[in-house]
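from the sequence below, what's the structure:
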Amino acid sequence: MQPRAIELKGLPAAGRRFPAICAPLVGRTRERLLAEVAVVAAKQPDIIEWRVDFFEGIAHTAEVIELVAQIKHAAGAIPLLFTRRSAREGGERIPLSEGQVISLYRAVCQTGHVDIVDFEMSNHPTDVLEVREISQAREIKLILSFHDFDGTPPLDVLKARFAQAERMDADIAKVAAMPQSMDDVLTLFTATLQSSRELAIPVISMSMGRFGAVSRLCGWAFGSAMTFAVGESSSAPGQMPIEDVDAGLALLQKAFRRQDL
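Numbering: from 1, shown residues only. Below is the predicted model:
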């Protein structure tokens, strides 16, 4: 069974390539963000993610909306993923309540400039439902995500997180964990492979840090539909430059296609 690719408007986000490569934007100021997106877009990732929790002006909705439009213009045809990562799951601390975060998501979705939004499934169920309704109203894909920066949960817990995202009506399920050994990386790979076969939605997974670097290059072989790579600046431990990820994927996938191995 082929793993499910991320689709936008009925077409695979990465064309014929699997997995999609996503590059983050983490600039803290307008000037830094616009300079960053110019560099990142030139490297042609499949998706660009704006990690808005890094942005110093996040409390000013009008400024965020204006920047979304400018980032989308600079990105051209590259789809845009909008993410506020919560501090409890590895994001930056921000001066907004959860209600204000949801209002920000609503305002950004209404611009029509984003293609995907990411929201943690650990948020209150009513908040998750509201973000689901906001994104669906604009035909925007929803990633429901889970991040553990302290360790890697057991296999059954990881699989339960993937399944929870599907139950909560996500379009895409994402799980990230911090390994303490290569055994933990193997656990994440196993959860990804089994969940990609059992669920009806695409899954994304990554093992972070130095042990998890291998997952950035070969997570796709276990069913992960997207990998994150550095266009200019990293948003999580273990991310590699997009050029290295491109080259590594090409080598591995060439080997997978060979019949004489």
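
can you give me the strands in the chain?
Using DSSP state E, the strands assigned to the chain run over residues 7-8, 11-12, 20-25, 47-51, 80-83, 116-120, 141-148, 172-177, 203-207, 226-230, 240-241.

can you redo those as TSV with mean pLDDT?
Converted to TSV, the strands of the chain look like this (pLDDT from 0 to 100):
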stretch	mean pLDDT
strand 7-8	95
strand 11-12	90
strand 20-25	96
strand 47-51	97
strand 80-83	98
strand 116-120	98
strand 141-148	98
strand 172-177	98
strand 203-207	97
strand 226-230	92
strand 240-241	85
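
nearest to residue 131, out of those?
Residue 131 lies closest to strand 116-120 among these, at 4.7 Å (CB to CB). Bear in mind the C-beta positions are built from the backbone N, C-alpha and C, glycine included.

now do the closest one against strand 47-51, angle only.
Put simply, strand 116-120 runs at 50 degrees to strand 47-51, going by axes from the mean of the first three to the mean of the last three CA atoms, to 10 degrees.

using CSV, write out every CA atom in strand 116-120.
Extracted C-alpha coordinates of strand 116-120, given in CSV (Å, rounded to 0.1, in the frame of the first residue of the first chain):
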residue,chain,number,x,y,z
ILE,A,116,-2.5,24.7,5.5
VAL,A,117,-2.7,25.5,9.2
ASP,A,118,-1.1,23.5,12.1
PHE,A,119,-2.7,23.3,15.5
GLU,A,120,-1.8,21.0,18.4
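
contacts for stretch 29-45, please.
Applying CB atoms under 8 Å, 6 or more residues apart in numbering, the set of residues contacting stretch 29-45 from outside is 21-23, 25-27, 48, 50, 55-57, 63, 67, 70-71, 74-76, 78, 229, 231-233, 242-243.

may I have that stretch as CSV, with CA atoms only?
The C-alpha trace of stretch 29-45 is given here as CSV (Å, rounded to 0.1, in the frame of the first residue of the first chain):
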residue,chain,number,x,y,z
THR,A,29,10.8,41.1,12.6
ARG,A,30,9.1,42.1,9.4
GLU,A,31,12.4,43.0,7.7
ARG,A,32,14.0,39.7,8.7
LEU,A,33,10.9,37.7,7.6
LEU,A,34,10.8,39.3,4.2
ALA,A,35,14.5,38.8,3.7
GLU,A,36,14.2,35.2,4.8
VAL,A,37,11.3,34.3,2.6
ALA,A,38,13.2,35.6,-0.5
VAL,A,39,16.1,33.3,0.3
VAL,A,40,13.9,30.3,1.1
ALA,A,41,11.5,30.7,-1.9
ALA,A,42,14.5,30.7,-4.3
LYS,A,43,15.4,27.2,-3.1
GLN,A,44,12.0,26.0,-4.2
PRO,A,45,10.8,23.8,-1.2
